[in-house]
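Engineer: Here is my input; please provide its structure:
(2 chains)
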Protein chains: 2
Amino acid sequence: IDAGDETTLRADMDELYPADISGILYELDTTSARYLLSLLDKNVGAEILVNLDESIRDGFIASFTSEELAPFVEEMDSDDAVDLLNEQPVQLREEVIGLLNDREQARFIIDLLHYDEDVAGGLMQKELVKIQVDTNVNQCIEEIRQQAENVEKVYAVYVVDEAGKLLGFVSLKKIVLARKYAKIADIYEQDVVAVETYRPVTEVAEIMQKYDLDAVPVVNVQGRLLGRITIDDIVDVITEQAEDDIQAISGLSGEVEEDDTLWVRAKAQLPWLLAGAVGSLMAATVINGFQSELGKIAALAAFIPIIGSTGGNVGIQTASLIVQSLSDSSGLTYSLGQRLLRTLVLALVNGAVVGLLAGSYTLLIGEPRLFSVVGLSLLSVVLLASFMGTITPLLLNRIGINPAVASGPFITTANDLIGIGVYFLIAEYLLAEL
Amino acid sequence: IDAGDETTLRADMDELYPADISGILYELDTTSARYLLSLLDKNVGAEILVNLDESIRDGFIASFTSEELAPFVEEMDSDDAVDLLNEQPVQLREEVIGLLNDREQARFIIDLLHYDEDVAGGLMQKELVKIQVDTNVNQCIEEIRQQAENVEKVYAVYVVDEAGKLLGFVSLKKIVLARKYAKIADIYEQDVVAVETYRPVTEVAEIMQKYDLDAVPVVNVQGRLLGRITIDDIVDVITEQAEDDIQAISGLSGEVEEDDTLWVRAKAQLPWLLAGAVGSLMAATVINGFQSELGKIAALAAFIPIIGSTGGNVGIQTASLIVQSLSDSSGLTYSLGQRLLRTLVLALVNGAVVGLLAGSYTLLIGEPRLFSVVGLSLLSVVLLASFMGTITPLLLNRIGINPAVASGPFITTANDLIGIGVYFLIAEYLLAEL
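Structural biologist: As a prediction, the model looks like this:
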């Protein structure tokens, strides 16, 4: 690259897939990366920009003028173009749209900018092949030919009436097999699953998984066909959703990656760390309140860790099962009462086992008077943590917060605090010495 | 249903998608469900059985004889048939295969039973449309017509030589647009991404996401075309992978769901609960070893929870970022040294903030002599937990264990234990009274 041998470079790049060239760009500085991109076809370059990791892409694109960026945006699918432009400053965004030669693409982009990222409208692309119901297969093939360059993957041709209302679809396979002059009206499939623009993307993902769809048409409330969502975008939605859940469970706020700057990572870690610390300091206040008891039986302190960690672990396990069952709409669903009952029965079993284990340990260290205190405390802690682990995600889900948050440090800390309170209360009640 | 009004039921079911009928079956007892299934077309019934949740399906299928099951298996895609048969007792499996009228389907199934579930061979289906390179578009359409019933979604026609070696593909769109007598040799795409049968499914998922593929051909080491993997199977792989990670982080072993029996859920929760309890009891032993110190300064016990929970939280956060970056092959990758350096710099910042917060609390409760003990301990704990959180997932990944396990109770407990040891050692060293 430093040698600037254009012909060799071009030839090398021709042999690579765009996704692989994206990988190479990560290794280059901005100047070399821009040089490499300038050698490529605009449509290959567009695909590379779409594939780039968001955090890296933003820095890279900041070095572009709107005149340089527009030709690439021209070649993108409308949904990818909108994703990219949404991350740019308003001025650059408006300039790029103004500079597009393809006025249809500009109109598509302006349309799509209206929608939130997390509803079907924000995920759909305008590129699709549609055809009037009163045409025939031959006309349909002609329409596919005209749209061939715009619509990379066709899957199916959508059938609409004069008002643009979605009536159904014809799969590409059916078109291949149909007679040339067969009427669309006779062969199209009327059972079509469509989603409205305002549907949450998670719901769209569920629908596409449930019915095994490659693409789903998006309609407005009147049923007019506005766009479509393809399976590759849904794969991204599912991947992101899973990452969000894992970050919530792990106590990371915001979307953060290992290669982010120190500041971004600290901002993601510190809120939950501090929240956890404050919770633990409240536990410290409780423990301090029992100083005289600790003075009498020092061994009481030894069981603080098991009380805290068992509560935390049980809480996470329980919440995690609830979160999973909330996100999985197939399968059985329980009423709140059934859920609690099932959880609490299990908690009795788990609590008894862990309680007995820890109780045996009190005998081992020669503190038999603590047997019932530790055992009963652990049983209560497991019961309480199971209750919290069931209630919290359901509550969060109800008020529209990602329920996976409930499996994170929040529940651990709360259980830690409650558990220690319960432990010392039981100790005070059961031990004649205190 | 109880009324047994066949015609109405049949008509009702005709209007529903198979995926919706699956939902209805969950609500019925086995007898009613079997009755309903017997009313439907065998291919609709097959799709419903494929869609059923595994845990429910196994119980349901146990009520079938091999004669009853075989007609449904006959109608399934080969990969779905194998998934279902793999869960059944060997005898039933062999009997069903023997009863299949479609000998090609039987051969497909026997072929696929050889492969592990977690490699490309175990995920692929044998149903695909392939054509010799020396044919033309018209012959290709004829081939699609013959396979139309077997191959539900075509996506592309694969081009092979006389030996069955994969040469490339022609997309369905290209076939629609091509002249009838165009030679396949002239129009097919030679740049084809294929995977070998032994590739792990997670790698296949990455490849399909990277290149935005709807289907990927599967070949043997000689390059012979054996089957294909379609995007809907990959969506399932990604969803399962995410669930596995979340369960590993949450300390659940085995695949478990909220609606599993008490016994299954206890078996999933107890191993990590007990492991955590044993770890905490080791911490108890450490604390017991410092009984005389606790006797002198009872306030020392108050900080046991913050030491434990901070170590646990930092460990999970750090491990989670590493796991995420391990599973995301795009983006930057660091050497072990770089990783540790970046983590430890961040840990200094986080440790200082949390240490100062907890230090201030010692002043608040009138124990200024504990300021440096608590502050320094927390700094050390955050540093150690960050180190463990970085090393453990990398190590687990190296030896082939899901690194997400490192974000779970294992790391929490280990950090709990280490943290408490460090805390008391620092206390003993810094406090003249002890």
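Engineer: Near chain B, which residues of the stretch 51-200 of chain A? Just list them.
Structural biologist: When proximity is defined by Cβ under 8 Å from any Cβ of the partner chain, the stretch 51-200 of chain A lies next to chain B at A:51, A:53, A:56, A:141, A:144-145, A:148, A:153-154, A:172-173, A:175-177, A:191, A:193. Backbone N, C-alpha and C define where each C-beta goes, glycine included.
Engineer: low-scoring pLDDT stretches of chain A, where are they?
Structural biologist: Scanning chain A for pLDDT under 70 picks out A:1-4, A:329-333, A:406, A:434.
Engineer: if we can go back for a sec, out of the residues of the stretch 51-200 of chain A next to chain B, which end up buried?
Structural biologist: Buried members of these, counted by 16 or more other Cβ atoms under 10 Å in any protein chain shown: A:51, A:53, A:56, A:141, A:144, A:153, A:154, A:172, A:173, A:175, A:176, A:177.
Engineer: now those in JSON lines, with secondary structure?
Structural biologist: Supplementary listing: those in JSON lines, determined by DSSP: H, G, I helix; E, B strand; the rest coil:
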{"residue": "A:51", "secondary structure": "helix"}
{"residue": "A:53", "secondary structure": "coil"}
{"residue": "A:56", "secondary structure": "helix"}
{"residue": "A:141", "secondary structure": "helix"}
{"residue": "A:144", "secondary structure": "helix"}
{"residue": "A:153", "secondary structure": "coil"}
{"residue": "A:154", "secondary structure": "coil"}
{"residue": "A:172", "secondary structure": "helix"}
{"residue": "A:173", "secondary structure": "helix"}
{"residue": "A:175", "secondary structure": "helix"}
{"residue": "A:176", "secondary structure": "helix"}
{"residue": "A:177", "secondary structure": "helix"}
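Engineer: For residue A:172, which non-adjacent residue is spatially closest?
Structural biologist: Spatial nearest neighbour of residue A:172, chain neighbours left out: residue B:172 (4.7 Å); criterion: Cβ to Cβ, 6 or more residues apart in numbering or on different chains.
Engineer: what's that neighbour in contact with, if anything?
Structural biologist: Residue B:172 makes contacts with A:154, A:172, A:173, A:176, B:154, B:155, B:156, B:157, as judged by Cβ atoms under 8 Å, 6 or more residues apart in numbering or on different chains.
Engineer: Am I right that residue A:267 is in contact with residue A:254?
Structural biologist: Yes - counting by Cβ atoms under 8 Å, residue A:267 touches residue A:254, with 6.8 Å between them.
Engineer: what's the most distant pair in the residues of the stretch 51-200 of chain A next to chain B?
Structural biologist: A:56 and A:177 (44.9 Å; Cβ to Cβ).
Engineer: Please enumerate the helices of the stretch 301-434 of chain A.
Structural biologist: Remark: helices assigned in the stretch 301-434 of chain A by DSSP state H, counting those that start in this stretch are A:304-327, A:336-364, A:371-398, A:409-430.
Engineer: Which strands or helices does the longest one pack on?
Structural biologist: Secondary-structure packing of helix A:336-364 (3 or more Cβ pairs under 8 Å, 6 or more residues apart in numbering or on different chains; DSSP states H and E): helix A:304-327, helix A:371-398, helix B:262-289.
Engineer: of all these, which lies closest to residue B:217?
Structural biologist: Among the helices and strands packed on helix A:336-364, helix A:304-327 comes nearest to residue B:217, with 32.3 Å by Cβ to Cβ.
Engineer: any idea how far that closest one is from the chain center?
Structural biologist: Offset of helix A:304-327 from its chain centre (Cα atoms, centre = their mean, to the nearest Å): 21 Å.
Engineer: what about it and chain B, any contact?
Structural biologist: Yes - judged by Cβ under 8 Å from any Cβ, helix A:304-327 and chain B are in contact via A:304-306, A:308-310, A:312-314, A:316-317, A:319-325.
Engineer: from the chain's centre, how far out does stretch A:211-218 sit?
Structural biologist: Remark: stretch A:211-218 is offset 19 Å from the chain centroid, using Cα atoms, centre = their mean.
Engineer: Also stretch A:88-103?
Structural biologist: Relative to the chain's own centre, stretch A:88-103 is displaced by 29 Å; criterion: Cα atoms, centre = their mean.
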